[in-house]
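Chemist: how would this look folded up:
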Amino acid sequence: MERKLFCEINPFCYSVSVKKERFIRRIKDFFARVKFADSFSEELPCIISSHSSLLMRKLHGVDAALQENKITNIRLGCDKVNGLLIRPGQTFSFWKTVGAPTKRRGYKEGLIISKGRISSGIGGGMCQMGNMIHYLILNSPLEVTEIHHHSDALFPDDRRRVPFGTGTSIFYNYIDYRFKNTTDQTVQLLLWIEEGELCGELRAEHEIPYRYKLTEENHHYQKEGCDYYRVSDVYRVVIDKKTGAEIRRELILKNHSKVMYDHSLIPKEQIRDDN
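Modeler: Below is the predicted model:
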């Protein structure tokens with residue numbers, strides 16, 4: 001019999017473990033002396049990248065009320081992020097900016113993912129905000145300094161607009177999403193909700209000479225024993241705006257994610273045998 005971790009013994013032990021991790025994060029941030037972004041302004045003039053994502057998706061077996069609550073949670077988060085300036089050398093931290101998602105602050109019970117399982121909790125659904133910000137940063141010259149990828153494929157693709165696996169997990173405050181402004185100009189995050197979509201822009205003081213493109217290649221489902229895995233490679237292509245020439249092509253992610261939903265929902269034409 002596999003020995004349980006302390007946090008898995010019972011809810012009290014889990015709560016103690018969470019408090020310990022949050023305390024450790026605060027201590028690490030104090031001694032690291034990272035310069036976190038904390039100022040706001042009106043919109044900067046130049047759009048580096050932009051994106052939008054559906055707030056209500058068809059998720060098999062998920063209570064629609066959790067998605068409605070997610071919209072409330074994301075709206076509260078957007079209010080904390082919208083207009084934030086990240087100056088040269090500064091770091092953006094999702095949780096430093098948004099703060100604790102508590103019931104007292106208006107957050108509701110939403111969808112969360114824990115240990116590869118779907119559950120619910122106060123502030124659930126905020127991952128979509130993290131995913132949005134990460135997508136904007138992948139389409140920019142900024143440097144991601146902390147990211148925690150989802151390890152499993154929890155839902156079938158439904159009107160997916162971005163390559164699979166390019167999202168990020170977040171959990172207050174020690175599972176964070178962070179990036180650093182390594183350019184010589186100030187950039188700005190804009191996030192808002194409009195017509196059922198979460199909208200985002202990364203802006204700057206001046207134009208940059210490149211544009212970016214994300215591509216997912218070699219996508220298929222692979223049977224390994226009794227399980228199925230979603231497999232693909234995600235590349236980021238850097239293109240010169242003036243000439244259209246490809247400057248660089250980077251492999252940024254190799255997906256090998258266990259399918260956790262009903263295997264009958266996997267498109268049969270996309271399945272490859274493990275042999």
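Chemist: so where's the stretch 101-250 of the chain uncertain?
Modeler: Screening the stretch 101-250 of the chain residue by residue with the criterion pLDDT under 70, one finds the ranges 114-117, 158-161.
Chemist: ok, L202 touching S140?
Modeler: Yes. Shown here, L202 and S140 form a contact pair, counting by Cβ atoms under 8 Å, at 5.6 Å. (Each C-beta comes from the backbone N, C-alpha and C, glycine too.)
Chemist: Can you pick out the residue with more neighbours from these two?
Modeler: The neighbour count for L202 versus S140, taken as other Cβ atoms under 10 Å, is higher for L202 (23 against 20).
Chemist: Helix, strand or coil: sort out that one for me.
Modeler: Classification of L202 into helix, strand or coil gives strand, according to DSSP: H, G, I helix; E, B strand; the rest coil.
Chemist: Please name the bridge partners of it.
Modeler: In this structure, L202 has beta-bridge partners S49, L189, where bridges are defined by DSSP bridges.
Chemist: wait, what's in contact with it?
Modeler: By Cβ atoms under 8 Å, 6 or more residues apart in numbering, the contact list for L202 reads 47-50, 136-137, 139-140, 142, 187-190.
Chemist: what residues does stretch 22-34 touch?
Modeler: With contact meaning Cβ under 8 Å, 6+ apart, stretch 22-34 is reached by 91, 93, 96, 172-174, 176.
Chemist: Which parts of it count as buried, going by neighbours?
Modeler: Along stretch 22-34, the positions that meet the burial threshold by neighbour count (16 or more other Cβ atoms under 10 Å) are 22, 25, 29, 34.
Chemist: And for stretch 127-136?
Modeler: Using 16+ other Cβ under 10 Å as the burial criterion, the residues of stretch 127-136 that qualify are 127-136.
Chemist: With just CA atoms, put it into CSV.
Modeler: What follows is the C-alpha trace of stretch 127-136 in CSV, where atoms were taken according to Å, rounded to 0.1, in the frame of the first residue of the first chain:
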residue,chain,number,x,y,z
CYS,A,127,-7.3,29.6,-14.5
GLN,A,128,-8.9,31.0,-17.6
MET,A,129,-7.5,34.4,-16.7
GLY,A,130,-4.0,32.9,-16.2
ASN,A,131,-4.4,31.1,-19.6
MET,A,132,-5.3,34.4,-21.2
ILE,A,133,-2.3,36.2,-19.8
HIS,A,134,0.1,33.4,-20.7
TYR,A,135,-1.1,33.4,-24.3
LEU,A,136,-0.5,37.1,-24.6
